[in-house]
Every structure is written in structure tokens, then in C-alpha cells.
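> Let's see this in three dimensions:
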Amino acid sequence: MTQLALTLPTAPVAVPAPAGAGPAPLVIGLDVALVLTGVAGPGWTDYVNSKTRRGEERLDYVLHQLQSFYRHADFVVIEGPSFGSALQAGHDEMAAMRWMVRVDLWKRRIPYAVCPPVSRTKFALGTSQPKDPQTGKRLVAKQAKAAVADAVAEQYGIECEGRARYDQADAYVLMAMGRAHLGHPLAALPATHTRALAGITWPERTTS
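The predicted structure is shown next:
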């Protein structure tokens, strides 16, 4: 066993709760990125802009900014990697950023889940491959992002605007997924949407 394993605490676990059981937990959604990171909680969105920072300075800055949002959270949902773009520039730095957040959550004993992008889109739109209702053609990436932002406005009354609007909308969907998993959904969605919850590996209670 390594020294790291001896000194870091064991991460806590979260389990689904019956609908409406107990007070609503504080869930935070994070769409982690190197430049614009979307952050969301119930009823609000925000973002972190690393601006001109690079390398270690950028990673450290983003992590410290995100800590101010989730330090009191009961649960966090992070968007996972898009493996279709795994060879894009900055991939190793992006992976490092996600893992820095995950290790920090682990050390703080805040349970978290990692959500695949396709599951986030499915929860928001009811499908992982949204199409234009008029042409029937599959939406390109930016169009799909806009559709998710529109869904957040329609389903939750949250209007995301500005440069980081898509990042904020994604974060809001992630947060809403965490709330739904824990038995405190923010909106009544059809099964076409909620089936996306099965695409996430949620923390489970362990037995001794």
C-alpha cells in the first residue's frame, strides 16, 4: 500500500433516496474545461474563466475557483470526457484538470459522479443524437449545445446567456441529474429523458 493510499481519506458514498425523502441535498454540476468551466446549483448558474493563464497556473486557478462553489456541497456531478475528441490539443491537460477536481472532492469526502456527455444530452433532450425537427438532419455539435440551453430554459426556467452560456447550461443539466438520482428532481421529465440516469456509474453504499 502506498503512502498516498494511507493518508488520503476514503471517499463517501451516495445512494438514491426515495422521492421527496428528507431535505433536498446541495448538488453542484461542473462542466470542467480549460478556459470556460460551467458551474450550476439549484436555481443558478455561473462560470470560471481561466483567461490567459496556461499550464500549472491555469489548473491551479480553475481548481481554487471551483472549490468556492462545491466546498459545502452534498454531491457533485462532473461531465466526463468526450472520447470521440480524445486526441484534441490539450487532451492531457484537460484530463489532469478533471482528475484534480475529482481528487479534491475525494479528499473533502464529497461524493461525486462522472456523467458521459451523451447521457447529459439524453437527459436534456430525450435523445443522445438530436435532430432538426424540420429537416430531420442530425444537429451538429454547436446546434446540439444550443438545443440543450433551450431545454434548460424551458424545463427549469434558467436562461443562460453570454460567452459561457452552453457551459452553464450543461452544468445545470448535470446538477439536475444528480438531484433526480438522489430523489429530489427539479422537474417532471418523461422516461425518454430519465433513462439517461442509467448511463452513469453512481456511487453506491458499500456493506462491511
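
> can you give me the strands for this protein?
Here the chain has its strands, by DSSP state E, at 27-31, 36-41, 44-49, 75-79, 112-115.

> right, so these: which one is the most enclosed?
strand 27-31 (a mean of 28; mean count of other Cβ atoms under 10 Å). Where C-beta positions appear, they are placed from N, C-alpha and C, glycine not excepted.

> which other residues reach that one?
37-42, 66, 69-70, 73-79, 101, 167-168, 170-179, 182 (Cβ atoms under 8 Å, 6 or more residues apart in numbering).

> picking up where we left off before, let me have the strands of the chain in TSV, adding mean pLDDT and distance to Gly157 as columns.
Shown next, in TSV, are the strands of the chain (pLDDT from 0 to 100; distance: least, Cβ to Cβ, whole Å):
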stretch	mean pLDDT	distance to Gly157
strand 27-31	98	16
strand 36-41	98	13
strand 44-49	98	11
strand 75-79	98	20
strand 112-115	98	22
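
> possible to save those strands as CSV with distance to Arg58?
Shown next, in CSV, are those (distance: least, Cβ to Cβ, whole Å):
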stretch, distance to Arg58
strand 27-31, 16
strand 36-41, 11
strand 44-49, 11
strand 75-79, 18
strand 112-115, 21
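
> Mind checking the ones you listed for the one nearest to Ser128?
Judged by Cβ to Cβ, the one of the strands of the chain that comes nearest to Ser128 is strand 112-115, at 12.1 Å.

> Check which helices and strands the closest one sits against.
If contacts are counted by 3 or more Cβ pairs under 8 Å, 6 or more residues apart in numbering; DSSP states H and E, strand 112-115 sits against strand 75-79, helix 91-107, helix 165-181.

> With distance to Ala33 added, can I get the ones you listed in TSV?
Output for the helices and strands packed on strand 112-115, formatted as TSV (distance: least, Cβ to Cβ, whole Å):
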stretch	distance to Ala33
strand 75-79	9
helix 91-107	7
helix 165-181	6
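
> and among those, the most buried is which?
Most buried among the helices and strands packed on strand 112-115, counting by mean count of other Cβ under 10 Å: helix 165-181, with a mean of 27.

> is the residue nearest the centre of the chain in a bridge, and if so with what?
Taking Cα atoms, centre = their mean, the centroid of the chain lies closest to Ile78, which sits 3.3 Å from it. In this entry, Ile78 is beta-bridged to Leu30, Val114, by DSSP bridges.

> Is it in contact with Val101, as I believe?
Yes. Ile78 lies in contact with Val101 (Cβ atoms under 8 Å); the separation is 6.4 Å.

> Next, the contact list for the spatially closest residue to Asp31 that is not a sequence neighbour, please.
Ranked by Cβ to Cβ, 6 or more residues apart in numbering and with sequence neighbours excluded, the top spatial neighbour of Asp31 is Gly38, at 3.7 Å. Counting by Cβ under 8 Å, 6+ apart, Gly38 touches 29-31, 45-47, 164, 166-172.
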